[in-house]
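Asker: requesting a structural model of the entry that follows:
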Amino acid sequence: MRSAREEPIKVPEHRSSSHDGGQEQDQPPSHDIEGENEPYDSMPFDVELDGHRQPGIEEVEDEYDVWSRFAIKRSQEGQGLDPWGPFADEEEWELVKWLFRHVGQTGIEEFTKLPITSKLRTSFTSKYTLMKAIDKLPQSAEWNLKAITIEGDLLGQDGQRQTEEAELWLRNPIDCIRERYDEMWTTDWWWEMQNRLPEGAAVVPVILASDKTSLSQFRGDQEVWPVYLTVGNISKDVRRQPSKHACVLLGYLPTTKLECFSKSTRSLERYNLFHYCMTQILEPMVEAGKKGIPMTCPDGYVHCLFPILAAYVADFPEQCLIACCKESRCPKCTATLPLRTLEMPKHTLKNLKKHQQGNMQTKEFEDKLGLRAVYEPFWATLPHSDIFQSITPDILHQLHKGVFKDHIVAWCTELIGEEELDARFRAMTLYAGLHHFKKGISKRKQWTGGDQKELQRVFLGVIAGTVDSRVLAAVRGVLDFIYYAQYQSHTEATLHKMDDALKLFHQNKAVFIDLGIRSDFNIPKIHSMVHYTASIRLFGSADGFNTELPERLHIDLAKHAYRASNKRDYVIQMTKWLRRQDSLYLQDLFLTWHHSLKTDGNDLSNPDNPLDSSESGSESDSESGDEHLGARCPEPKGPMPTLHTDVLIRRLDRFIMINKHHGYFLPSLCPLPNTPLSYVQERHQAPLLVQTLEAFLRANFPMTRQPIRIRSFDRIDVFKYITILAPSHQHISDAKRLFKIRVSPELPPRDARKRPSPAIFDTALIIEDPEQFTGTGVVGTRVGQIKVIFKLPPSSNLGKTRHPLAYIHWFRPLQSFDDQAKMFRLTRSSRQHGPNAEVIPVDRILRPCHIIPQWGGQVANRDVTDVDKFLLNRYIDLDLFNRLPTTGT
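Answerer: Numbering: from 1, shown residues only. The predicted model follows:
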């Protein structure tokens, strides 16, 4: 950055005050973070003391992978500690985790001073001694502090230029990559990059994300600017889970207000400060990207890896900041070109240099090219990187919030009117997991990304019948595009459908101009949609680069860390708190793995030779060391560390599996056992339950000696819900999916001041003809409303069925289709002036579905029970969106 200088930094003692602002007992006269009396082996920062630097774990162990299965074990053995060290045993370790996770700094100190705590005889006696013990645990990449002195353009009273001090907290990206390398996958970008590198080299696609966030909720202006790093070799399903620690905090950018600059130049200088700091953070990647670095891969061999900036995840203002362009321009393309070519970074740098040297007029530079005067962008020196290509789609801000909520919803509200639109949302039918906007949407002030997604699930059905057909088509084009953009896996067919959806919007968008809602469509976020399919072909599906992850990481890596500080000089305290959190996580992984090895009866006495006898001869030539490329590291015996492996298995064990992929779950404890049929008929609005149950039993037990007769005083076990286990889908999720179907009558309120809870009888897709149903699509299925889910009690003489039963009211078959909304029309099916009812086994229930009432004119105060026309909502989730056809044929 211009007018900036870097100073070597030693963390001063006066900045190392304890988090709760008080001096602790049992504490020597030094400070909690660093001090002269603190031993070198617990220093968290890469600072210089007497010419010596604290070695990292990688250097101590002489290994390239800090996650090496025996690195922690060797370190503990070297210090003479048992696996729980420096803590006494497993119980004390669990106590330490609980304290650090749920109790604040002051609370920990108070806990250690309680009289009953002394009876526990823990190895720590104060907060200070506990923190010192945690500091002895394995550590992740070290934190470094670089001080920046910024020289402004304003003069002080002494006639000298004013200066401002800023702090840049950072970690080495190469160290962070070493800690997080995992399995690989392939995209067009990967193949292209692999062809540029030497034979035998491997690519590490570096994915960066940054986003400024506020720390204080009600007062003050404290904020931080985190930069996160992950790599594309890790599966996106893992990257998107904060608990997996696959995305690491790389640094905190300074958030100084730059008051040493005049207001006219302050905005530009923020651009320069950002690029200067990012240059400092990513400096280790320059040499590593040119020559490669040796690193242990998941196959156990050491390869030469090239960390290359592949993608940058950011919202639109930050995308423009990265691309050095104005916010009125697209950060990925110029106005005259569909996409920036590979030569565009060089061309942009050439224009920046021309303007710096005075060989380009400011009018051409700013107005025509739309550039900002950032003459040294951080990406200029990164090898093999194309920053414009690296800017990825942002589903959250561009689609959910921008195109849909800020534009489509606002335009339709103006057309329909707030009162009518609110009435339609209030009258919306219920569905498990669907947010019900009881007060409408017009008066709502705060909108989250989740709220915007909930709006999308019902919006098309809400406006159907109230707007012009072209408006409906334009809205449908946007919704289809957003839903396809959320696919986790794409084919050329789905990408073509994305393009078709975007074309549908553009073909019909002129209706908003005709109706006087818009005068033009020069909207950057709408323009950004043109880049989605190209980015997906380059880097994979857009859900792997959503800004929802950085927003979620702010909670753990910024807000929680800030709350653990004393709110004064908080960044240094945040980095230490985060380092300790990482240490606890690393140790917990090791202990989980260590316990699994002991449980399996494996011998831990010889970690250097854990190979099977069948492999010992083939690897005998690798004893010279692991540094050489192609050398094999010893394989661990037992599973790799994990904290979450058996959670899903335990949940799936509860399900009754109909086949390999489909099943259901009912609570083991029935909430309404031995309930009379007469009571169920009245409360569940099931007038034909007795007749249909009798017909079902006669059809399924035809060989009984006596004719089956059901009476109203016979009893059944009634359940309030059933959970359906559905198979995974390549476009939606690799995991099996759970759907809940609720069956509950009206319930009296617990509080006399409140109204009764309304009855909930969910609708579902039911397999009507198993021979026609192929597992995909809706052929052979029919919509029915589930009124009762029940079992025949073992004590009854009614017989025993293989599966629980469900009493349903049918809708008419899926034959009528609305060509404008592209949804099936539904009406209730009747028989002999009553509902068309049937009892079926629950294994025929495919999944729940959502129906949207069609009011015709204005909703007013009409009740949904008076409506007999519905639309089968294909936007309720991605599974139905993919399953339901868009044509009636």
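Asker: what's the helix or strand for E92?
Answerer: Following DSSP states H and E, one finds E92 within helix 90-102.
Asker: after that helix, heading C-terminal, what element do we hit next?
Answerer: Next in sequence after helix 90-102, counting helices and strands by DSSP H and E, comes helix 105-112.
Asker: which element follows that following helix toward the C-terminus?
Answerer: Taking DSSP H and E as the definition, the helix or strand that follows helix 105-112 towards the C-terminus is helix 115-120.
Asker: the helix holding E92: how far from the chain's middle?
Answerer: Helix 90-102 has its average C-alpha position 27 Å from the chain's average C-alpha position, going by C-alpha atoms, centre = their mean, to the nearest Å.
Asker: do stretch 293-304 as well
Answerer: Centre to centre, stretch against its chain (C-alpha atoms, centre = their mean), the figure for stretch 293-304 is 29 Å.
Asker: start to end distance for it?
Answerer: Its first and final residues considered, stretch 293-304 spans 5 Å by C-alpha to C-alpha, to the nearest Å.
Asker: again, but for stretch 791-808
Answerer: One end of stretch 791-808 sits 15 Å from the other (C-alpha to C-alpha).
Asker: buried sites along it?
Answerer: Across stretch 791-808, burial judged by 16 or more other C-beta atoms under 10 Å covers K791, L792, P793, L798, T801, H803, P804, L805, A806, Y807, I808. Every C-beta, even on glycine, is put in place using the N, C-alpha and C of the backbone.
Asker: on the three-state scheme, the fifth one is what?
Answerer: By that I understand T801. Classification of T801 by DSSP: H, G, I helix; E, B strand; the rest coil places it in coil.
Asker: quick check, it in contact with L792.
Answerer: Yes - taking C-beta atoms under 8 Å as the contact criterion, T801 and L792 are neighbours in contact, 6.3 Å apart.
Asker: nearest spatial neighbour of K136, skipping sequence neighbours?
Answerer: Counting by C-beta to C-beta, 6 or more residues apart in numbering, P86 is the residue found nearest to K136 once chain neighbours are left out, at 5.0 Å.
Asker: so how far is the one helix or strand Q573 maps to from its chain's centroid?
Answerer: Under the criterion of DSSP H and E, Q573 resides in helix 570-599. For helix 570-599, the distance between its averaged C-alpha position and the chain's averaged C-alpha position is 22 Å (C-alpha atoms, centre = their mean).
Asker: which strands or helices does that helix pack on?
Answerer: For helix 570-599, the contact count by 3 or more C-beta pairs under 8 Å, 6 or more residues apart in numbering; DSSP states H and E identifies helix 71-78, helix 90-102, helix 127-134, strand 143-155, strand 161-171, strand 248-253, helix 560-563 as packing neighbours.
Asker: quick one, which of these gets closest to F665.
Answerer: Taking C-beta to C-beta, helix 90-102 is the member of these nearest to F665, at 30.6 Å.
Asker: packing partners of the closest one?
Answerer: Of the remaining helices and strands, those touching helix 90-102 by 3+ C-beta pairs under 8 Å, 6+ apart are helix 105-112, helix 127-134, helix 570-599.
Asker: over that helix, what's the mean pLDDT, rounded is fine.
Answerer: Model confidence over helix 90-102 averages 85 on the pLDDT scale.
Asker: mind listing what's buried along that helix?
Answerer: For helix 90-102, the neighbour count (16+ other C-beta under 10 Å) marks E92, W93, L95, V96, L99, F100 as buried.
Asker: tell me how many other residues crowd the residue lying closest to the fourth one once chain neighbours are set aside.
Answerer: Put plainly, it is V96. Spatially, and ignoring its direct neighbours in sequence, V96 is nearest to F87 (6.1 Å; C-beta to C-beta, 6+ apart). F87 has 25 neighbouring residues, counting by other C-beta atoms under 10 Å.
Asker: show me the contacts for F87.
Answerer: Applying C-beta atoms under 8 Å, 6 or more residues apart in numbering, we find F87 in contact with W93, V96, S123, A133.
Asker: same question for P804.
Answerer: Contacts for P804 (C-beta under 8 Å, 6+ apart) come out as L666, F719, I722, I789, F790, K791, P841, V842.
Asker: which of those residues has the most neighbours?
Answerer: Neighbour counts for the contacts of P804 were taken using other C-beta under 10 Å; the highest belongs to F790, which has 26 neighbours.
Asker: list the buried residues of the strand or helix carrying that one.
Answerer: In this structure, F790 sits in strand 781-791 according to DSSP H and E. Using 16+ other C-beta under 10 Å as the test for burial, strand 781-791 gives T781, R782, V783, G784, Q785, I786, K787, V788, I789, F790, K791.
Asker: give me the nearest residue to the fourth one, chain neighbours excluded.
Answerer: With C-beta to C-beta, 6+ apart as the criterion, G784 has its nearest non-adjacent residue at 3.8 Å, and that residue is I808.
Asker: tell me, what's the model's pLDDT at K445?
Answerer: In this model, K445 is scored at 86, pLDDT.
Asker: what is the burial count for it?
Answerer: The local packing of K445 (other C-beta under 10 Å) involves 4 other residues.
Asker: which ones are touching the closest residue to L99 other than its chain neighbours?
Answerer: Leaving out its chain neighbours, the residue that sits closest to L99 by C-beta to C-beta, 6+ apart is I108, at 5.4 Å. For I108, the contacting residues are L99, F100, K127, L130, taking C-beta under 8 Å, 6+ apart as the criterion.
Asker: just give me the closest of those to H435.
Answerer: Scanning the contacts of I108 for proximity to H435, where the rule is C-beta to C-beta, the winner is F100, at 34.7 Å.
Asker: how close does the residue nearest to the closest one when sequence neighbours are not counted get to E142?
Answerer: Taking C-beta to C-beta, 6+ apart, and ignoring the residues beside it in sequence, F100 has L584 as its nearest neighbour in space, at 6.1 Å. In this structure, L584 and E142 are 17 Å apart, going by C-beta to C-beta, to the nearest Å.
Asker: who has more neighbours out of the two?
Answerer: Neighbours per residue, other C-beta under 10 Å: of L584 and E142, the larger number sits with E142, 21 against 18.
Asker: state the distance from that one to D175.
Answerer: E142 sits 7 Å away from D175, going by C-beta to C-beta.
Asker: hmm, back to that, pick the most deeply packed of the helices and strands packed on helix 570-599.
Answerer: Sort the helices and strands packed on helix 570-599 by mean neighbour count, taking mean count of other C-beta atoms under 10 Å, and strand 248-253 sits at the top with a mean of 24.
Asker: mind giving me the packing neighbours of it?
Answerer: Counting by 3+ C-beta pairs under 8 Å, 6+ apart, the packing neighbours recorded for strand 248-253 are strand 161-171, helix 173-180, strand 223-231, helix 263-291, helix 570-599.
Asker: who does I845 bridge with?
Answerer: I766 (DSSP bridges).
Asker: and if you look at R831?
Answerer: With beta bridges defined as DSSP bridges, R831 has these partners: G834.
Asker: what is the neighbour count of the spatially closest residue to L369 that is not a sequence neighbour?
Answerer: With C-beta to C-beta, 6+ apart as the criterion, L369 has its nearest non-adjacent residue at 6.0 Å, and that residue is N351. Counted with other C-beta under 10 Å, the burial measure for N351 works out to 18 neighbours.
Asker: from what I can see E376 touches Y276, true?
Answerer: Yes - assessed by C-beta under 8 Å, E376 is found in contact with Y276 at 7.3 Å.
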